[in-house]
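# Let's see this in three dimensions:
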Amino acid sequence: MSQMQPLLIELGTDELPVKALPGLSQAFFDGVLAALESRGIAVERGDAKPLYTPRRLAVLLPAVATEQPEQKSEVLGPYLNIALDADGQPTRALQGFATKAGVEWTALERTTDARGERFVHRSVRPGATTAALLGEVIAEAIDAMPIPKPMRWGDHAHAFARPVHWLVVLLGDEVVEATVMDVASDRHSRGHRFMHPAAVRIDAPGGYVEAMRAAKVLVDPAERRGRIVEQTEAAASAAGGTARIDPGLLEEVNGLVEWPSAVACSFDEGFLKVPAEALVATMEANQKFFPVLDAEGRLTRHFVGIANIESNDVDEVRKGYERVIRPRFADARFFFEEDLKDGLAAMNEGLANVTYQASLGSVADKVARVGALAQWIAPQVGVDAALAGRAAGLSKADLQSRMVGEFPELQGIAGRHYATAA
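Reported below is the predicted structural model:
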């Protein structure tokens, strides 16, 4: 029975593309498991899962066999009518098969299938050590990763999602020699880029997570995610509100930081006259900030940013976050105010110049068709036909607005605000 040892593989890189990061990590994890299992190496994965930060992909398995089981081989040879001549002597076909197998033809065994009796060479050889196979296991896992735009660096021929800088491979407490993209393995990882830039020694796989935590790196994405939520909610509560935490944004922020630190911020209350959807859109999509809502679910002047560092001067970080958001809010306010001057009716007139589909006319033609349908359906569902037609007639007007031009996701929503204002 082969001995079992914990296994750690960490691939250190430049900052990986944030939206692809969870998928890359899962693919690396799955690829290592598949490569081990295809070689007959036993794995006890327990509750192991992919570990990653913006600068690393890691596989941490609680128990992996230190060697393959015995490798049994069975190679089928020629049938007897081809292998032996009339005198029962080996033909050239049988002699060639025996030579290729490295044995005398008399040492070959025989087996029978549906076509008759034939020669077969059976052998058993000791399994290779896992340490000897890990280099090809890692290479195979990397080759199978879905990297749509691999990049090259230096004068190397190889490519990856980002340049590779270090490699940790530990089986038990021993370093396994391996080379990936000209980077040789050792037991030294790297800590937080700014808070702990020195090398981090990993004595054994079991101490990996804690060693990295001491170096200001949370390698477990679930732990990082929980810290982001906890700190964001606490900051929002201190501001007298509740954080709006969009799952997609949370996952994106989780892929941007190794040591998240929430920073409570605010903006000029005058910006709240702008439709909240526009402010939320720019906070979430452009700046990766979490808006703060009041008890009624309305947007407040507060928001929470997540820094990738515990700053000694949080006020400066806060000022920076508030400074970058101000111009985008000012743009949104300008668009909103200018659109209000034009009004929906003026916007509607411009739809005649916007092609909907070559054979179906302009967007204005589409609006007319929708209006006619709305008036026909309205009486059947107990709705005022005139109001339904009026609503349909205004339904696409905001496509001509400056606001929707800047924030396409506000199509229809912006129109509601302009209709309310009118």
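# Tell me the helices and strands packed up against the helix or strand hosting residue 118.
Using DSSP states H and E, residue 118 sits in strand 116-125. Where contact means 3 or more C-beta pairs under 8 Å, 6 or more residues apart in numbering; DSSP states H and E, strand 116-125 is packed against strand 71-79, helix 80-83, helix 92-101, strand 109-113. No exception for glycine: its C-beta is placed from N, CA and C like everyone else's.
# Let me have these in JSON lines, extended by distance to residue 256, mean neighbour count and mean pLDDT.
Formatted as JSON lines, the helices and strands packed on strand 116-125 follow (distance: least, C-beta to C-beta, whole Å; neighbours: other C-beta atoms under 10 Å; pLDDT from 0 to 100):
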{"stretch": "strand 71-79", "distance to residue 256": "46", "mean neighbour count": "14", "mean pLDDT": "87"}
{"stretch": "helix 80-83", "distance to residue 256": "67", "mean neighbour count": "16", "mean pLDDT": "90"}
{"stretch": "helix 92-101", "distance to residue 256": "57", "mean neighbour count": "16", "mean pLDDT": "92"}
{"stretch": "strand 109-113", "distance to residue 256": "60", "mean neighbour count": "11", "mean pLDDT": "91"}
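# looking at these, which is closest to residue 34?
strand 71-79 (18.5 Å; C-beta to C-beta).
# and the angle from the closest one to strand 109-113?
Counting by axes from the mean of the first three to the mean of the last three C-alpha atoms, to 10 degrees, strand 71-79 lies at 70 degrees to strand 109-113.
# what lines up beside strand 71-79 in the sheet?
The sheet places strand 71-79 alongside strand 116-125 (antiparallel), with pairing taken from DSSP bridges.
# What are the buried residues along the strand it pairs with?
Using 16 or more other C-beta atoms under 10 Å as the test for burial, strand 116-125 gives 118, 119, 120, 121.
# got the contact list for the last one?
Put plainly, it is residue 121. 73, 74, 75, 77, 97, 98, 101, 103, 108, 109 (C-beta atoms under 8 Å, 6 or more residues apart in numbering).
# Verify the stated contact: the second one with residue 122.
Yes - proximity of residue 74 to residue 122 meets the contact threshold set by C-beta atoms under 8 Å, at 5.1 Å.
# How is residue 60 assigned, secondary-structure-wise?
Of the three states, residue 60 takes strand according to DSSP: H, G, I helix; E, B strand; the rest coil.
# Can you spell out which residues form a bridge with it?
residue 8.
# CA atoms of the helix or strand of the chain at the bottom of the mean pLDDT ranking as PDB?
Across the helices and strands of the chain, mean confidence by mean pLDDT, DSSP states H and E is lowest for strand 71-79: a mean of 87. What follows is strand 71-79, C-alpha atoms only, in PDB (Å, rounded to 0.1, in the frame of the first residue of the first chain):
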ATOM      1  CA  GLN A  71       1.600  -1.000 -13.800                       C
ATOM      2  CA  LYS A  72       0.200  -4.100 -15.600                       C
ATOM      3  CA  SER A  73       0.500  -4.300 -19.400                       C
ATOM      4  CA  GLU A  74      -1.100  -6.600 -21.900                       C
ATOM      5  CA  VAL A  75      -0.100  -6.300 -25.600                       C
ATOM      6  CA  LEU A  76      -1.900  -8.600 -28.100                       C
ATOM      7  CA  GLY A  77       0.200 -10.300 -30.700                       C
ATOM      8  CA  PRO A  78      -0.400 -12.300 -33.900                       C
ATOM      9  CA  TYR A  79      -2.900 -15.200 -34.200                       C
END
